[in-house]
Structures are given as structure tokens and as C-alpha cells.
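In: predicted model and sequence follow; I will ask about them next.
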Amino acid sequence: MIPQNPAKHVLILFLVLTFFTSCFGTYQENPYADVPELDKKISSKPVYSGFSKLVRHRSTSTTTSSSNKVVINVDDFAAKADGTDDSEAFNKAWDKACSSKQTATIVVPNRIYHLKPITFLGPCQSDLIFQIYGTIKASNKMSEYEDDRRHWIVFDNVNNLKVQGGGIINGNGRIWWENSCKINKDMPCKVAPTAVTFNESRNLIVSNLWFKNAQKMHLRFEKCINVKAMNLLVTAPGNSPNTDGIHVTGTHSIRITNSVIRTGDDCISIVNGSRYVEATDIICGPGHGISIGSLGADNSEAEVSNVLVNRATFSGTTNGVRIKTWQGGSGYAKDIVFQNLIMKNVTNPIIIDQNYCDQDDPCKEQKSAVQVSNIMYRNIQGTSASEVAMKFDCSKTFPCQGILLQDIILGLEEDELAKASCVNVKLTDMGKVSPQCY
Ligand SMILES: *[C@@H]1O[C@H](CO)[C@@H](O)[C@H](O)[C@H]1NC(C)=O
Ligand SMILES: *[C@@H]1O[C@H](CO)[C@@H](O)[C@H](O)[C@H]1NC(C)=O
Ligand SMILES: *[C@@H]1O[C@H](CO)[C@@H](O)[C@H](O)[C@H]1NC(C)=O
């Protein structure tokens, strides 16, 4: 099913997305059109004021005249693409591009290049384009990650960067999955590398790429500002451990659009320090769905706000849209909208879990919690694989507040009624909502 030719795959991706968009043609063109009115009911502040700023910022980052561009081909630095390591050529190409006074484009031709763990470090002298036509494949020797087992490719402190080109970034993750303690209980639990990390960078556009078989997470945005991730295909086997699609941490003003994410963990995960996060036109599954959290582990403070998930389809995922927090944490997850979603055989289509506990020992009861408030669920339809389609398991001391449900119709695969489980939650219903809390 998955095509080998990158140009072809991007074409297919677009066909899929065009189809997807047309399926949703009856939804509003502008998803924010009537949000402000609803906002008044659930929040005193406008939720999306940050997004227009986001678009403005970006246009300033791309105003370079096309006449003075520098093109740097990795092959000019003796990249061999013959199965041996090409890291040195990529490092040299990066150094040249990063010190260029004019916009520089690094070209990765349509061949298969191998890289060891590598950091592309900024700040650079001007805007950069990483144009990947071919495949970049990770070394599968675990020993090569001895210095830093957490990262494969890192873009660190690079502003005004585009990474694009229709190519493939292949984490070659099988060796890591096989050695994961989640798969092989005899193995010690050790960290594995994230395939591509963007760290402390601004004005990024990551588009038209296929990320596959990451060692752990595929794509991680850490402490970034103004990010556009679009037209991405992210794939790994449904049983590959911790292979999140796109992980967002400490990042604000990020827009993820038109992307297909099929992996073994969360399609998109949004954690502490993230705000103004938008995910629109996403196809998710297999995987664990779109997740806010986990937040508040080890009694930590966490803050996530202003998240919009709009127009997404979840197929066979363990969750649809989930908020998960540990007991004992503090801070908040607030001003979040999940709308225009289709669930197909999803185990927990709608879930807030304030008693999240992902460890061997049971988590003991604690008083403090990450406050969950102003969460809107609107126009969500489809089927649940489990009896309970909607679950709010909130904290006794910090109940979930301002939860709005509007036009929710979730049943079971077998055409039967689903159930809702609602503990310590303050809910408001609008329109038709099924199942109902009792
Ligand atoms: C991210 O940036 C911070 C601050 O410069 C630095 O300490 C950290 O090592 C960077 N992380 C990576 C993965 O490069
Ligand atoms: C949570 O995010 C905030 C804001 O980015 C940061 O200051 C804080 O250190 C983070 N907390 C943890 C536990 O990572
Ligand atoms: C629904 O999902 C469950 C497990 O999550 C699976 O066993 C079942 O076969 C799926 N049903 C359909 C119709 O896909």
C-alpha cells in the first residue's frame, strides 16, 4: 500500500487530503467563524487571537528575493549515498549554508543517504531551506548513539527554516523497538532517540515529507515559536512502542495541517508549556489519538492552553481526543476546542483522565491536580470500540470545569447505544448529545 517513490507518495497524500477535505465540505470554511460567540460562554478571553499573528510572522520570514540564492548540494561535499555514513558531507553542507549571507538551499538529491546522530546548529546568517528529494536514513547501530541516546537529527536554535521537498526521513527504528522494554520485558528500560527534533527555533515550515519508522517519536517541536507543519505523512507499525507522530512541548503558535499520521503511539501529543496549538485536517490511526498530556507527572507544574483540534478522523485508535493528567500535579489545561471529528471504532473517543497513571506501581491518591477547564467538544460523530464512548474521570479536589458538549453522537460498532462515564465534572450540553451522563 505504501508507495516507495517519494514523488508518488506525496501525490497520493494530496489525493487523500483533497478527498478528505471534500468529505468535510459541509463544515464551515472558517472554523473560527463562530468560535468567539461560544468563547464568551466558556472563556472570557478570545481563544484564537494568536493565530492571525502567527500568519503575519511567517510571511516576514519568507520575503527574500529569488535572485540571490545560494544552492548547496550535499553531493558536492562527497556524500556517497552508498550505504556508508554521509554525516560528514551533511555537516559541511550545513556549515556552508548556515554561514551564507544570502538565503541558502541545501539540496538532498533523490538517493538514499545515511546519517548518524547529527545536530544542525544555528543561529545562521540568513534564511535556510532544507530541500529533501531523496531519503535520509538513520544508522541502525545502537552504539553510534552512545553520546546521546535521545536524539537522531536535531535542528537547534535555527530561525527562518523550511524543511521540505517530498522526500523521506526514515528512523530505521526496528532495532530500537525490539530492544524496548515495552516489547521485550527482559530488556532494561532505556531511552531511545527521537527522529527529528526542532529545539528553540522560530519561524519554521516543515512540509511535504514522509517521516517513517522513527526510533521513538517522529517529530518533536521543543520550545519553538511560529511553526507550520503541513502535508506530512508519518507512519510506523501500530505496535511500535512510543512512536508518537508529532510531539509539541514548550512551543507556541504551531499549526499542524493536512497530515496523515499512522503510528504506534499518539498521533499528536501536546505537553507542558504549549499554547496556541492548532491541528486541522488530520487523519489519525492506528495509534493512540490526539493527546494533551500527560501533564503533572512527579508533582510537576504544567500549563497548556488555547488548543484547537479541527476536522480530524480517527480510525481504530485507542483514544480519540484525550486529556491526561497525573495526580499531584498543578497548573492547568484550559481553553481547548475539539470540533468536527469523526471516530471510527475508537476505544475511548472522548476522554479526560485526571487519574492518569503509567507506571508499574499503583499511583496513590493525592489532593492537588492539574486544573482542566473550558473544554469544548463540538460536532463529534462515529463509533466507539468500547462500551464507554465518553469518559470524564476528574479529580475530587479539582473537578473538570466548563466542559461543553455540543452535537455529539457516538454509538457502538454494532449499532448499539454507547455509555458515558462522568465523575467530578461540570458539564453543559447543547444540541443533541448522545450518550448522556446519568
Ligand atoms: C535545546 O536548547 C537548549 C538551550 O540552548 C540546550 O540547553 C539544549 O541542549 C538544546 N537541546 C538539544 C536537543 O539540542
Ligand atoms: C513547564 O513549562 C514552563 C513554561 O514553558 C516551564 O517554565 C517549566 O519549567 C515547565 N515545567 C516542567 C516540569 O517541565
Ligand atoms: C474495532 O476495534 C477492536 C479493537 O480495538 C477490534 O477488535 C475490532 O475488530 C474492530 N472492529 C472493526 C469493525 O474494525
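Out: Arrived safely, thanks for sending. Ligands and ions are numbered 1, 2, ... in the order given.

In: please, where are all the strands along the stretch 1-150 of the chain?
Out: 70-73, 104-108, 112-115, 118-121, 128-132, 135-138 (DSSP state E, counting those that start in this stretch).

In: which residues does whichever residue of the stretch 251-400 of the chain sits closest to ligand 1 contact?
Out: Residue nearest to ligand 1 within the stretch 251-400 of the chain (CB to the nearest ligand atom): T251, separated by 12.2 Å. (Each C-beta comes from the backbone N, C-alpha and C, glycine too.) T251 is in contact with F221, E222, K223, C224, I225, V227, G273, S274, V277, counting by CB atoms under 8 Å, 6 or more residues apart in numbering.

In: any idea how many residues pack against the last one?
Out: Other residues within reach of V277, judged by other CB atoms under 10 Å, total 25.

In: give me the nearest residue to K182, chain neighbours excluded.
Out: P241 (4.0 Å; CB to CB, 6 or more residues apart in numbering).

In: check which helix or strand that neighbour maps to.
Out: P241 belongs to no helix or strand when assigned by DSSP states H and E.

In: that one and D265 touch, don't they?
Out: Yes - proximity of P241 to D265 meets the contact threshold set by CB atoms under 8 Å, at 7.3 Å.

In: which one's more surrounded, those two?
Out: D265 (25 against 20).

In: tell me who's in contact with the residue nearest to G296 when sequence neighbours are not counted.
Out: Nearest-residue entry for G296: G329, 1.7 Å, with adjacent residues in sequence omitted and distances by CB to CB, 6+ apart. The contact partners of G329, by CB under 8 Å, 6+ apart, come to L295, G296, A297, N299, S300, E301, A302, S368, A369, V370.

In: so what's the first one up against?
Out: Right, the one you point to is L295. Per CB under 8 Å, 6+ apart, neighbours of L295: V271, N272, A302, V304, K324, T325, W326, G329, G331, A333, V370.

In: tell me which entries of those residues lie within helices.
Out: Using DSSP state H, no member of the contacts of L295 falls within helices.

In: of the residues you listed, which belong to strands?
Out: V271, A302, V304, K324, T325, W326, G331, A333 (DSSP state E).

In: burial count for the fifth one?
Out: It refers to T325. Count around T325 with other CB under 10 Å applied: 30.

In: thinking it is in contact with V372, fair?
Out: Yes - counting by CB under 8 Å, T325 sits close enough to V372 to count as a contact (6.8 Å).

In: mutual contacts of these two, please.
Out: With CB under 8 Å, 6+ apart as the test, T325 and V372 both reach A333, Q354.

In: can you pull the residues of the protein lying near ligand 1?
Out: Residues of the chain lying near ligand 1 by CB under 6 Å from any ligand atom: H151, V154, D156, T197, N199, E200.

In: may I see those arranged in TSV, with secondary structure and distance to V388 as well?
Out: Converted to TSV, the residues of the chain next to ligand 1 look like this (DSSP: H, G, I helix; E, B strand; the rest coil; distance: CB to CB, whole Å):
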residue	secondary structure	distance to V388
H151	strand	38
V154	strand	41
D156	strand	43
T197	strand	36
N199	strand	39
E200	coil	41
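
In: filter these down to the ones close to ligand 2.
Out: Among these, no residue sits close to ligand 2 (CB under 6 Å from any ligand atom).

In: relative to Q436, which of those is nearest.
Out: Checking the residues of the chain next to ligand 1 against Q436 with CB to CB, the nearest one is T197 at 43.2 Å.

In: tell me who's in contact with the closest one.
Out: Counted by CB under 8 Å, 6+ apart, T197 has contacts H151, I153, V154, F155, D156, R220, E222.

In: against N179, how distant is it?
Out: 21 Å (CB to CB, to the nearest Å).

In: again with A93
Out: 32 Å.

In: please apply the same query to L121.
Out: 29 Å.

In: burial count for M343?
Out: 30.

In: same deal with K182?
Out: So K182, with other CB under 10 Å, has 14 neighbours.

In: for S291, same thing?
Out: S291, neighbours per other CB under 10 Å, totals 24.

In: got it, and Q354?
Out: 30.

In: same question, I350
Out: Residues near I350, counting by other CB under 10 Å, number 28.

In: the one 3 residues further on now?
Out: Summarising burial for D353: neighbours were counted as other CB under 10 Å, giving 21.

In: ramachandran angles for L341?
Out: phi -120, psi 140 (degrees, to the nearest 10).

In: contact partners for it?
Out: With CB under 8 Å, 6+ apart, L341 has these contacts: V309, R311, A312, T313, F314, G320, V321, N379, I380, Q381, G382.

In: so D265 touches P286, yeah?
Out: No - D265 is beyond contact range of P286, at 9.9 Å (criterion: CB under 8 Å).

In: can you flag the buried ones in the contacts of G329?
Out: Buried members of the contacts of G329, counted by 16 or more other CB atoms under 10 Å: L295, G296, A297, A302, S368, A369, V370.
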